[in-house]
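1. I would like to see how this sequence folds:
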Amino acid sequence: AADKINVIPQDFFAELCEQIIQHLNHKIPGVDTVELCQRLQTSGIEVNVDDLAKITNIISFLFSTAARNNLSTEDLVTALGNAVSTLPKHAVQVIRHVWNEQGKSVSMSDDPASMATVGQFVDIKWKLGVAMSSDTCRSLKYPYVTVTLKVADPSGQITNKSFEMTIPQFKNFFRQFKEMAAVLETV
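-> Sure, this is the predicted structure:
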């Protein structure tokens, strides 16, 4: 992962680290590595989502371990120097800065209830389409709905889950989704 961190510009890496801290503080549901990866690729940086997800998991583990052990900035940097000699200098500088500025806000609880992790719903999008034909059927004219759920898994990685359904299936799905959302709002 250290070689992949090398290609990420300092400002993007700082943004990633800050998002991880926000996630650890439960201020955001997770880190949208797909969106960040697209921005990096638009800037001409060659990195893929899987590599960015690995980097996110490593930095998240680093910050959560530092919080659990109440490490000061200097202790964290010393530990990084001892354990990870291949980490790029700019990455260590960013980690030092972000931890110095925001590390005290990260609190890791040992309470089992707070450690229970489940995915978190972030967003839902849907679009209506009509299949006009296929390889096996000349004329379909079949309406369908494509649903995309944006979900943050327990590690904070935001992923999209897409599926298609008929109009009646979508109506039933949406009715159940609204009922579930109403119940969750009362909790």
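
2. how is the chain divided into domains?
-> Domains of the chain are assigned by the TED database as 1-105, 120-185.

3. most tightly surrounded among those?
-> Most buried of the domains of the chain, by mean neighbour count (mean count of other CB atoms under 10 Å): domain 1-105, with a mean of 16. Bear in mind the C-beta positions are built from the backbone N, C-alpha and C, glycine included.

4. past the helix or strand of the chain with the lowest mean pLDDT, which element shows up next along the chain?
-> With mean pLDDT, DSSP states H and E as the measure, the helix or strand of the chain carrying the lowest mean pLDDT is helix 112-115 (a mean of 42). Read in the C-terminal direction, the helix or strand following helix 112-115 is strand 120-131, with elements assigned using DSSP states H and E.

5. partner strands of that next one and their direction?
-> Within its sheet, and counting by DSSP bridges, strand 120-131 is paired with strand 142-152 (antiparallel).

6. ok, residues contacting the strand it pairs with?
-> With CB atoms under 8 Å, 6 or more residues apart in numbering as the test, strand 142-152 has contacts from 23, 29-30, 119-131, 158-167, 169-170, 173.

7. quick one on the thing from earlier: can you redo the domains of the chain as TSV with mean pLDDT?
-> Compiled in TSV, the domains of the chain are given as follows (pLDDT from 0 to 100):
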stretch	mean pLDDT
domain 1-105	86
domain 120-185	79
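
8. residues contacting the closest residue to residue 14 other than its chain neighbours?
-> If the residues on either side of it in the chain are set aside, residue 14 comes closest to residue 94, at 4.8 Å by CB to CB, 6 or more residues apart in numbering. The contact partners of residue 94, taken as CB under 8 Å, 6+ apart, are 10, 13, 14, 17.

9. can you tell me the element the second one falls in?
-> In this structure, residue 13 is located in helix 10-24 according to DSSP H and E.

10. dump that helix to PDB, keeping only the CA atoms.
-> Taking C-alpha atoms only, helix 10-24 is exported to PDB below (Å, rounded to 0.1, in the frame of the first residue of the first chain):
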ATOM      1  CA  GLN A  10      -0.700  15.300  -0.300                       C
ATOM      2  CA  ASP A  11      -4.000  17.300  -0.400                       C
ATOM      3  CA  PHE A  12      -6.000  14.200  -1.400                       C
ATOM      4  CA  PHE A  13      -4.200  12.100   1.200                       C
ATOM      5  CA  ALA A  14      -5.000  14.800   3.800                       C
ATOM      6  CA  GLU A  15      -8.700  14.800   2.800                       C
ATOM      7  CA  LEU A  16      -8.800  11.000   3.000                       C
ATOM      8  CA  CYS A  17      -7.200  11.100   6.600                       C
ATOM      9  CA  GLU A  18      -9.700  13.800   7.600                       C
ATOM     10  CA  GLN A  19     -12.700  11.800   6.300                       C
ATOM     11  CA  ILE A  20     -11.400   8.700   8.200                       C
ATOM     12  CA  ILE A  21     -11.200  10.800  11.500                       C
ATOM     13  CA  GLN A  22     -14.800  12.000  10.800                       C
ATOM     14  CA  HIS A  23     -15.900   8.500  10.300                       C
ATOM     15  CA  LEU A  24     -14.300   7.300  13.500                       C
END
